[in-house]
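> Curious how this folds, go ahead:
(one chain, ligands or ions: 1)
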Amino acid sequence: MSKLLYLNGEYIAEDQARVSVMDRGFLFGDGVYEVIPAYAGLPFRLEEHLQRLNQSLAAIHMASPLDNAQWSEILHRLLQQRGSEDQQIYLQITRGAYGKRLHAIPEEVQPTIMAMASPINRRDPQLVKQGMSVITLEDIRWQRCDIKAITLLANILAQNQAREEGAHEAILVRDGLANEGTASNLFMVRDGLIITPPKSTHLLPGITRDLVLELAADAGLPYAEASISVEELENADELWITSSTKEVMPVTCLNGKPVANGHPGPMWEKMDALYSACKERLRLRTQAGNHCHE
Ligand code: PDD
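Numbering: from 1, shown residues only. Have a look, this model is predicted:
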């Protein structure tokens, strides 16, 4: 039987769910989204994801259609369908369907709200062991990359170019500075210091990024939020990329050349272990870690 997804207040079989071709998400990409991992049936860092969702909505002049308790109820109901399996939730809110195609934001329009749960795209253990390969590309996206907008054409083209060149991800560069990946944040290790670019309108404020910084602080690992030039990338001791689905992945190849000795580094090993422990605490439903609450 087809799984149920949430659409505008109803739970509908995935293959039966329908939205209007007049939906502004379809016509304009006028909407925002979130991807939330869930372990043992519990959403990971839910509050942080919902806070970022509300920030994205505010930035595109939309009111939050649901409160956190309503979201939580919907997500738990969707997750229940696969029991305690690890899953990922995709949720999307568009400005909704209006009678005609109109660039200006209509006053009277009901948002389209959709959420669905699916098995998490597991990290390939072989890739974790060998590390990812990335290329640098000019960032051709807009000036509000802090909004988690569904409009992802520039990210798609960059990811596609990376794949065509035999790499897994592209690091996007603007004015000589490396900001983030097409669907991930960027970290560098240099002389024992963990560095990630500061939050700005040029990158998405990643939930995993913030957690990595919190875990570093808790473990007493030195870190800094500082811009990273392409030259610094080339001379890094370690590079990582992070996201809710990739977690913390080592990068061992940059533009066809090895990063340091070409193997995942010791700082990555430490951070990956801290991250796994954090997930495990959620899985065991203990209150041990205050960063790992639902
Ligand atoms: N993408 N930067 C971009 C451009 C992203 O699309 C993502 C995540 C991140 C990492 O954010 P987080 O740690 O909150 O997942 C950074 C999701 C996973 C996606 O689009 O599928």
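
> Count the residues that sit near the residue lying closest to D15 once chain neighbours are set aside.
Here the nearest residue to D15 in space, its sequence neighbours aside, is S2; by CB to CB, 6 or more residues apart in numbering that works out to 4.8 Å. Quick note: C-beta positions are derived from backbone N, CA and C, even for glycine. Counted with other CB atoms under 10 Å, residues neighbouring S2 total 10.

> Also I60?
16.

> quick one: it and I150 touch, right?
No. Judged on CB atoms under 8 Å, I60 makes no contact with I150 at a distance of 10.3 Å.

> Just the buried positions in stretch 98-108, please.
For stretch 98-108, a neighbour-count test (16 or more other CB atoms under 10 Å) marks Y98 as buried.

> chain center to it: distance?
29 Å (CA atoms, centre = their mean, to the nearest Å).

> what's that stretch in contact with?
22, 24, 27-28, 61, 95, 109 (CB atoms under 8 Å, 6 or more residues apart in numbering).

> so which pair among the residues you listed is furthest apart in space?
Within those, two members stand farthest from each other by CB to CB: M22 and H61, at 19.5 Å.

> Counting neighbours around each, name which of those two comes out higher.
Shown here are M22 and H61; by other CB under 10 Å, M22 has more neighbours (13 against 8).

> Can you name the residues that contact the nearest residue to that one once chain neighbours are set aside?
Spatial nearest neighbour of M22, chain neighbours left out: A97 (4.3 Å); criterion: CB to CB, 6+ apart. With contacts defined as CB under 8 Å, 6+ apart, the neighbours of A97 are 19-20, 22-24, 109-110, 112.

> Which one (most neighbours) among those?
R24 (23 neighbours).

> Isn't it up against Q110?
No. Using CB under 8 Å, R24 makes no contact with Q110, being 10.9 Å away.

> which residues are in contact with both of the two?
96-97.

> Quick one: list the elements packing against the lengthiest helix in the chain.
If you go by DSSP state H, the chain has its longest helix at helix 266-283. Under the contact definition 3 or more CB pairs under 8 Å, 6 or more residues apart in numbering; DSSP states H and E, helix 266-283 sits against strand 31-39, helix 207-219, strand 238-243, strand 247-254.

> ok, residues contacting the second one?
Residues lying outside helix 207-219 but in contact with it, judged by CB under 8 Å, 6+ apart, are 45, 48-49, 52, 185, 187, 194, 196, 221-223, 225, 242-244, 246-248, 270-271, 274-275, 278, 291.
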